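# Return a 3D structure for these sequence lines:
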Amino acid sequence: MESLSRLIAVQQRIAPEVGELVERRYAVLRCIQFAQPIGRRGVALKTGYGERKVRADIASLREQGLVTVDTGGIMLTREGEKTLADLGEYVRELRGLARLEEELRQKLSAGQVVVVSGDSDQDPSVKKDMGKAAARLMREIVRDDDVISVGGGTTMAEVANALTRPWNKRNVTFVPARGSLGDDVEKQADTIAALMAKNVNAAYRLLNVPDDLRAETLSRIALEPRIKEILEVIHGARIVVHGIGTIDEMARRRRLPPDEVALLRDKGAVAEMFGYYFDARGAIVHVTPSMGLRPEDLEGKEIMAVAGGTKKALAIVAVMANRPREILVTDEGAARAILAMR
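Presented below is the predicted three-dimensional model:
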């Protein structure tokens, strides 16, 4: 690693354009991997590079046997897949992500921070990289007989997609951290818990309860024997993996009326997790009825937060200020925005 850092430092002094070219072609290869088959114009739109540059890059990559181009679109070859994987560590060093991780870890008082290249606000495929990073870390921290409680959201859905066999953990159970929220089934915690379990041939338990019911309704449902039993399993989880919501995002998912959104803003809310809203300093300023885990239930658990995008920087800071996480998986966009804050 040290020799790679020295090599990149020398390269940037004598030929900085080489680093720029490698980064661009890495971005092109990633785009093709996630969207293949895809046309040149699609690659240009998704990466933000001009069509002329993309056309030249694809021609070069084709000559090197890294992509194929036909009427159906552009696809990676097996050698292209291997090259993309090999480039990952080089690009991390080139963009200084290891330094970024350590600076962010110190600023947020986190146990471990993993930063993936890119900004998911600009490139949605970056969420897939966050998902892969989180899934890799889950393999490291999960033990036999663990109960893992997982949240919902688009980024958590990518974690579920990336968590696949082989899986050498025994008697592991996945459960949702909260009830179902919104109409998009794929983003709901129940669905994500079930998908993770099925992907690794593990057990799972579901709540099957909407999370946006009235408080008195949720209280009655919580007394039902089956629900009560599952809630006990959820609260007994050793590991919690969750996303982080912004106010705008959660207002849409919870279908909050405008007056309630205005109230949240007046209170200074900038982030949401498990139905709790936090201000920029991490203080809880508002609570909505919710079934499942609460912030106070996280004591003694191993917690991984997975969230990225420049727009989520303040929300990440708020949730981490409430209780530092053992692990944060984020992207370069959020990391740089957080470090730029005073």
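# residue ranges with poor pLDDT in this protein?
1-16, 181-183, 211-212 (pLDDT under 70).
# Now do the strands in it.
67-70, 73-76, 112-116, 147-150, 173-176, 203-204, 239-242, 269-273, 276-279, 284-287, 302-306, 327-331 (DSSP state E).
# and the fifth one, what does it pack onto?
Contacts of strand 173-176 with other secondary structure elements, assessed using 3 or more CB pairs under 8 Å, 6 or more residues apart in numbering; DSSP states H and E, are made with strand 147-150, helix 189-200, strand 203-204, helix 225-235. Any C-beta I mention is one placed from the backbone N, CA and C, and that applies to glycine too.
# of those, which approaches residue 260 most closely?
Using CB to CB as the measure, helix 189-200 is the one of the helices and strands packed on strand 173-176 that comes nearest residue 260, at 22.0 Å.
# Buried residues of the closest one, list them for me.
For helix 189-200, burial by neighbour count (16 or more other CB atoms under 10 Å) applies to 189, 190, 191, 192, 193, 194, 195, 196, 197, 199, 200.
# Columns distance to residue 250 on top of the residues you listed, output as CSV?
Formatted as CSV, these follow (distance: CB to CB, whole Å):
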residue, distance to residue 250
189, 14
190, 18
191, 18
192, 17
193, 20
194, 23
195, 22
196, 23
197, 26
199, 27
200, 29
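# So which of the residues you listed is the closest to residue 142?
Using CB to CB, those come closest to residue 142 at residue 200, 9.4 Å.
# Just the buried positions in stretch 99-112, please.
Those would be 100, 101, 103, 104, 105, 108, 110, for stretch 99-112 by 16+ other CB under 10 Å.
# Share the number of residues neighbouring residue 44, please.
Neighbour count for residue 44, taken as other CB atoms under 10 Å: 20.
# Please verify my assumption that it contacts residue 51.
Yes: when contacts are counted by CB atoms under 8 Å, residue 44 is listed as touching residue 51 (4.5 Å).
# Quick one: end-to-end distance for stretch 90-98.
Start-to-end span of stretch 90-98 (CA to CA, to the nearest Å) is 11 Å.
# mind checking the end-to-end distance for stretch 135-155?
By CA to CA, one end of stretch 135-155 lies 12 Å from the other end.
# Quick one: distance of it to the chain centre.
12 Å (CA atoms, centre = their mean, to the nearest Å).
# Repeat that for stretch 224-239.
Relative to the chain's own centre, stretch 224-239 is displaced by 25 Å; criterion: CA atoms, centre = their mean.
# who's in contact with that stretch?
138, 141-143, 146-149, 173, 175-177, 205-207, 209, 221-222, 291-293, 297, 301-304 (CB atoms under 8 Å, 6 or more residues apart in numbering).
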